[in-house]
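Participant: Here's my sequence, what's the structure:
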Amino acid sequence: MTQQTAAHTRTWTLRLDIFEEDQDTTLVHAVLDTGDNTLVSRTAAHRNPDDPPVPEIGDEYAAGRALLALGRQLVDAGAADADVNARS
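Facilitator: Numbers count the residues shown, from 1 in each chain. Just a heads-up that it's a prediction; the model follows:
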């Protein structure tokens with residue numbers, strides 16, 4: 001006999017605030033709210049002086065870095081929670 005578990009659905013909220021500090025620098029403030037925890041990342045991207053200014057590229061680099069940082073935080077939180085759970 002196979003035991004079935006109830007479906008578990010959660011909604012997490014991600015907010016990315018992107019700031020053009022100047023023509024050469026893009027800043028991102030990222031906040032992930034899981035309902036149980038809030039993770040925060042602040043990152044930046046700087047334009048290579050040899051490249052033409054294209055704000056979208058800075059947005060993509062800075063936002064990507066912020067998401068990678070949040071991903072590392074999530075993996076670390078999961079590992080810490082798994083460790084605590086294993087000791088229970």
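Participant: Please report phi then psi for the spatially closest residue to Pro53 that is not a sequence neighbour.
Facilitator: Using Cβ to Cβ, 6 or more residues apart in numbering and skipping residues adjacent in sequence, the residue nearest Pro53 is Gln23, 5.1 Å away. Quick note: C-beta positions are derived from backbone N, CA and C, even for glycine. Phi and psi for Gln23, reported as degrees, to the nearest 10, are phi -60, psi -20.
Participant: measure Gln23 to Thr43 for me?
Facilitator: Using Cβ to Cβ, to the nearest Å, we find Gln23 at a distance of 18 Å from Thr43.
Participant: more neighbours, these two?
Facilitator: The residue with more neighbours, out of Gln23 and Thr43, is Thr43; 19 against 10, by other Cβ atoms under 10 Å.
Participant: who does the more buried one bridge with?
Facilitator: Taking DSSP bridges, one obtains Val28 as the residues bridged to Thr43.
Participant: any idea of the pLDDT on it?
Facilitator: Predicted confidence (pLDDT) for Thr43: 97.
Participant: Next: the one 3 residues further on.
Facilitator: Predicted confidence (pLDDT) for His46: 96.
Participant: now swap in Ser88 and tell me
Facilitator: Looking at Ser88, the pLDDT reads 80.
Participant: As a check, name the ranges of all helices in this structure.
Facilitator: Secondary structure of the chain (DSSP state H): helices located at 55-87.
Participant: any low-confidence regions in it?
Facilitator: Across the chain, the ranges flagged by pLDDT under 70 are 1-2.
Participant: surely the residue nearest to Pro53 meets Val54?
Facilitator: No - using Cβ atoms under 8 Å as the test, Gln23 is too far from Val54 to be in contact (10.4 Å).
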